[in-house]
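Student: Got a predicted structure plus its sequence, pasted below:
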Protein chains: 2
Amino acid sequence: MACTLWPIFGSFGLTFACAGRACTQVQGSKAKSVQDLHPLCGRVGHGGVSMQQMAYSLVASELGLAAMVVKVYGPAFASSKRVIVCLVEKEIKFEVVDIDIFKGEGRSPDYLKLQPFGFLPVIRDGDYTLYESRAIIRYYAEKYKSQGTELFGNTMEEKGKVEQWLEVEAHNFHPPIYTLVAHTVFSSKLGITPDQKVIQENEAKLGKVLDIYEERLSTSKYLAGDFFSLADLSHLPFGHYLINGVGKEYLIRDRKHVSAWWDVISNRPSWKKVIQLFPPPT
Amino acid sequence: MACTLWPIFGSFGLTFACAGRACTQVQGSKAKSVQDLHPLCGRVGHGGVSMQQMAYSLVASELGLAAMVVKVYGPAFASSKRVIVCLVEKEIKFEVVDIDIFKGEGRSPDYLKLQPFGFLPVIRDGDYTLYESRAIIRYYAEKYKSQGTELFGNTMEEKGKVEQWLEVEAHNFHPPIYTLVAHTVFSSKLGITPDQKVIQENEAKLGKVLDIYEERLSTSKYLAGDFFSLADLSHLPFGHYLINGVGKEYLIRDRKHVSAWWDVISNRPSWKKVIQLFPPPT
């Protein structure tokens, strides 16, 4: 497991914090692009330790956080990005630990102690360990409710709708898109012989799901209502593969409201930075 | 859609409320068994309308509820029972609406207006409609936090663990058990030719999942910790099929801690009543 430290950034300005190492950029300072980061560890702006510690404390204090950084395992993989984009929206400091499941690192004894099923992602937050990406994003969206973007809506009923569409993503959207990704983008890495019949069946299945999204998105800007939420965010990692890799962009573009929704959510600064910083496994 | 009114009951005493009809049994009165219910509508204890209305108001007031009853669609099916057992644990009044997906009622235009994917369950609560069983149970566990059984734990971190194991149930436990049920209990209704290879593969897959449960349950009484939660509750409907129908009880009984856990959760009065009141589709 190689541990790399990465920045956090707010919705507008960028705030970098490489906790535990000697680099911090406090709010107000801005890095214009990923090129501003240190090429190896993503660090920006160096100075004396005491100044950095002070700056770090300022950031922590300003964000109402303990001086603790969330560790996210496996940032190159899609389900880990679901967590990372949530942390960015919530302005929560994090660092990443590389786990390459294609190299079997998900089956190592050390990793299985954290995630006994061997899947990504897992987070460590001090002594607290949590896995399952959609559980992790719910945890942080609620724990830091008043910080960063509100991702559960404002009322109990809005939250219910967020939960409903999170479940739709997990049980209706995810299975066909995952199969498409497995049979196209990562077939060789997964040892799968691409099966055109399976691809066509899942393409058709996903199309039917997106027809229902089209209907829903003709009545509200986002899935759970007229507010961006975890339900939309949860679609980003595999929706990205649909366009970049699977080559089935038409499934989105042929549906006017789905297309507009996708443009809005995939152009959020948080997501654009996540895909810039963490390219998919090659 | 045939609408039938059903009782609610608390963890210990039984409280019946057939809202909108002339029958209510307030807390303190007890029906010893389901045989005490009216054989057709589940009603108990009849009296004059004004007394009943008063009694109903008492129940509503006592439970801190508006005089509104949650409608649950499709009570004979497993995922609807996930919702019903949650409502019972939370002491929330409900009534049921029969939907037989085997007869195509999930594809009727009226039903698709409520649940566009055509799946069960869906609830209506006044003007509010919600679908996806695990979204519905989260909604009620949080909305009525201080009523009935606490199903999310007591701290944010406990709630995170509940979310984690809810996701494990959905993504690790459910797929193989669902496939086993489809290829055994309901193969003829689903038009599936039982495939022994598929059955064996999913039996093996479920066994590996339950090995991890065994390890987990050797360190805590329930999945998320030493408290009963939505994570445990969510396993009841399909866990029940594993023993009653699929005939693979050994998968539970061969694992000491899983077996003890199953006995504890499946013997809760709430679940025993649910399976007594709503037999599976025949």
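Tutor: That came through fine.

Student: Not counting its neighbours along the chain, what's nearest A:V96?
Tutor: In space, and not counting its chain neighbours, A:V96 is closest to A:P75: 4.1 Å by CB to CB, 6 or more residues apart in numbering or on different chains. Quick note: C-beta positions are derived from backbone N, CA and C, even for glycine.

Student: For A:V122, give me phi and psi.
Tutor: phi -140, psi 150 (degrees, to the nearest 10).

Student: What distance do you get for it to B:R138?
Tutor: 22 Å (CB to CB, to the nearest Å).

Student: Can you pull the residues of chain A lying near chain B?
Tutor: Within chain A, the positions lying close to chain B (CB under 8 Å from any CB of the partner chain) are A:116-117, A:128, A:130-132, A:134-136, A:138-139, A:142-143, A:156-157, A:159-161, A:163-164, A:166-168, A:170-172, A:209, A:212, A:215-216.

Student: again, 7 Å this time
Tutor: Listed as neighbours of chain B in chain A under the rule CB under 7 Å from any CB of the partner chain: A:116-117, A:128, A:130-132, A:134-135, A:138-139, A:142-143, A:156-157, A:160, A:163-164, A:167-168, A:170, A:172, A:212, A:215.

Student: what about stretch A:87-105, distance to the chain center?
Tutor: 9 Å (CA atoms, centre = their mean, to the nearest Å).

Student: Please enumerate the strands of chain A.
Tutor: Taking DSSP state E, the strands of chain A run over residues A:2-5, A:16-18, A:23-25, A:70-73, A:94-98, A:122-125, A:128-131.

Student: Please give the number of neighbouring residues around the residue lying closest to A:L236 once chain neighbours are set aside.
Tutor: Using CB to CB, 6+ apart and skipping residues adjacent in sequence, the residue nearest A:L236 is A:W271, 5.3 Å away. Around A:W271 there are 21 other residues, counting by other CB atoms under 10 Å in any protein chain shown.

Student: Wait, A:W271 touches A:C86, no?
Tutor: No: applying CB atoms under 7 Å, one finds A:W271 not in contact with A:C86, separated by 10.6 Å.

Student: By mean pLDDT, flag the weakest helix or strand of chain A.
Tutor: strand A:23-25 (a mean of 28; mean pLDDT, DSSP states H and E).

Student: can you pull the pLDDT of A:G10?
Tutor: A:G10 is assigned 37 on the pLDDT scale.

Student: sorry, back to before: any of the residues of chain A next to chain B buried? List them.
Tutor: If you count burial by 16 or more other CB atoms under 10 Å in any protein chain shown, the buried members of the residues of chain A next to chain B come out as A:116, A:130-132, A:134-135, A:138-139, A:142, A:157, A:160, A:163-164, A:167-168, A:170, A:172, A:212.

Student: From those residues, which land in helices?
Tutor: Counted as lying in helices by DSSP state H, out of those, are A:134-135, A:138-139, A:142, A:157, A:160, A:163-164, A:167-168, A:212.

Student: what's the farthest-apart pair in those residues?
Tutor: A:Y139 and A:I212 (28.3 Å; CB to CB).

Student: residue ranges for the helices of chain A, please.
Tutor: Under DSSP H, chain A gives helices at A:49-62, A:78-89, A:109-114, A:133-143, A:156-168, A:174-183, A:187-190, A:196-217, A:230-233, A:236-243, A:250-253, A:256-266, A:269-277.
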